[in-house]
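Asker: quick one, fold the following:
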Amino acid sequence: MNYVLNAKNVQKYYYNKKNVTKAVDDIDLNVRRGEYIGIMGPSGSGKTTLLNCISTIDTVTSGHIFIEDKDITKLKQNQLSDFRRNHLGFIFQDFNLLDTLTAYDNIALALAVIGRSPETIEQSVGRIAAELGIGEILTKFPYELSGGQKQRIACARAMVKEPSLILADEPTGALDSKSAKMLLQNLGDMNEKRNATILMVTHDAFTASHCKRILFMKDGKLFHELVRGADSRKDFFRKIIEVVSVLGGDNSHVI
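Answerer: Now for the predicted structure:
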């Protein structure tokens, strides 16, 4: 089986003087190449902690995480930096764009740091900008862009180097409904057209309904799984709402 991500017996504990908190409790997770997966769960369920461990932002207490057959839990800090730069793409809720760089340069930087030539960078940025419909705003600085435009630039930056795995943390959380729908369309297109492998944490059922598979977490464990299959997005959305209601999460986000 062609797995991009294979997590085995992953546990994450947080310690303080009085308590030990088990944020991630013995999770196994496999993600095939080209999958578009959402992770949902109520606050404190461990979904963001799990994403942080997969993204190398945080370290596991025990267990192993393999990305492209590389055990990232065994890498040293400098090796992790190189691995993150070459193999992972990130889309954050707060965009994380560099204010002193134009939109073009924010995207191009992802390629420059891995040593791509200027000619390759120009071609790659032009291609991803055309696909995401952002060609007209490449010369603008972040402060000149709307939230939706910033998020599409962040999306382009994550995808331009064609990473093994794209990790998205609440990517629609800071967007209005129109911008959110546009971003979700872009992510869906990248998954379909580029076979991009996407793992997204979200609390929002509407956002999750654009995924192909949803993993639900509760108390640090995997609680349930839904596969969209042949369902329409609206039917998938209704199934997601049913599980969210059982979990006790927020089901106020409706179509």
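Asker: for the closest residue to residue 147 other than its chain neighbours, give me its contacts.
Answerer: Spatially, and ignoring its direct neighbours in sequence, residue 147 is nearest to residue 175 (5.4 Å; C-beta to C-beta, 6 or more residues apart in numbering). C-betas here are computed from N, CA, C, even on glycine. Going by C-beta atoms under 8 Å, 6 or more residues apart in numbering, residue 175 touches 147, 148, 151, 183.
Asker: just residue 55 next, same as before
Answerer: By C-beta under 8 Å, 6+ apart, residue 55 lies in contact with 84, 88, 90, 167.
Asker: sort out for me which of those are in helices.
Answerer: Assignment to helices by DSSP state H places the following of those there: residue 84.
Asker: which one (most neighbours) among the contacts of residue 55?
Answerer: In terms of neighbour count, residue 167 stands highest of these at 25 neighbours, by other C-beta atoms under 10 Å.
Asker: just the pLDDT for that one.
Answerer: According to the prediction, residue 167 has pLDDT 95.
Asker: so what's the closest residue to residue 226 other than its chain neighbours bridging to?
Answerer: Nearest residue to residue 226, sequence neighbours excluded (C-beta to C-beta, 6+ apart): residue 214, at 4.5 Å. Counting by DSSP bridges, residue 214 is bridged to residue 38, residue 226.
Asker: against residue 241, how distant is residue 214?
Answerer: Distance of residue 214 to residue 241, computed by C-beta to C-beta, to the nearest Å: 11 Å.
Asker: so the closest residue to residue 172 other than its chain neighbours is in which element?
Answerer: Distances taken as C-beta to C-beta, 6+ apart place residue 180 nearest to residue 172, at 3.9 Å, with adjacent residues excluded. Taking DSSP states H and E as the definition, one finds residue 180 inside helix 177-193.
Asker: from residue 26, how far out is residue 65?
Answerer: Using C-beta to C-beta, residue 65 is found at 13 Å from residue 26.
Asker: between those two, who's got more neighbours?
Answerer: With neighbours defined as other C-beta under 10 Å, residue 65 and residue 26 compare such that residue 65 has more, 23 against 14.
Asker: my guess is the more buried one meets residue 51, correct?
Answerer: No: in this structure residue 65 lies outside contact range of residue 51 using C-beta atoms under 8 Å: 11.3 Å.
Asker: got the CA coordinates for stretch 136-151 in CSV?
Answerer: The C-alpha coordinates for stretch 136-151 follow below in CSV (Å, rounded to 0.1, in the frame of the first residue of the first chain):
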residue,chain,number,x,y,z
GLU,A,136,-3.3,39.7,-10.7
ILE,A,137,-2.3,40.1,-7.0
LEU,A,138,1.3,38.7,-7.1
THR,A,139,2.9,42.2,-7.0
LYS,A,140,0.9,43.2,-3.9
PHE,A,141,2.1,43.1,-0.3
PRO,A,142,0.1,41.2,2.4
TYR,A,143,-1.3,44.4,3.9
GLU,A,144,-2.9,45.2,0.5
LEU,A,145,-4.8,41.8,0.3
SER,A,146,-8.1,40.6,1.7
GLY,A,147,-8.2,37.6,4.1
GLY,A,148,-9.3,35.3,1.3
GLN,A,149,-6.5,36.5,-1.0
LYS,A,150,-3.9,36.0,1.8
GLN,A,151,-5.1,32.5,2.4
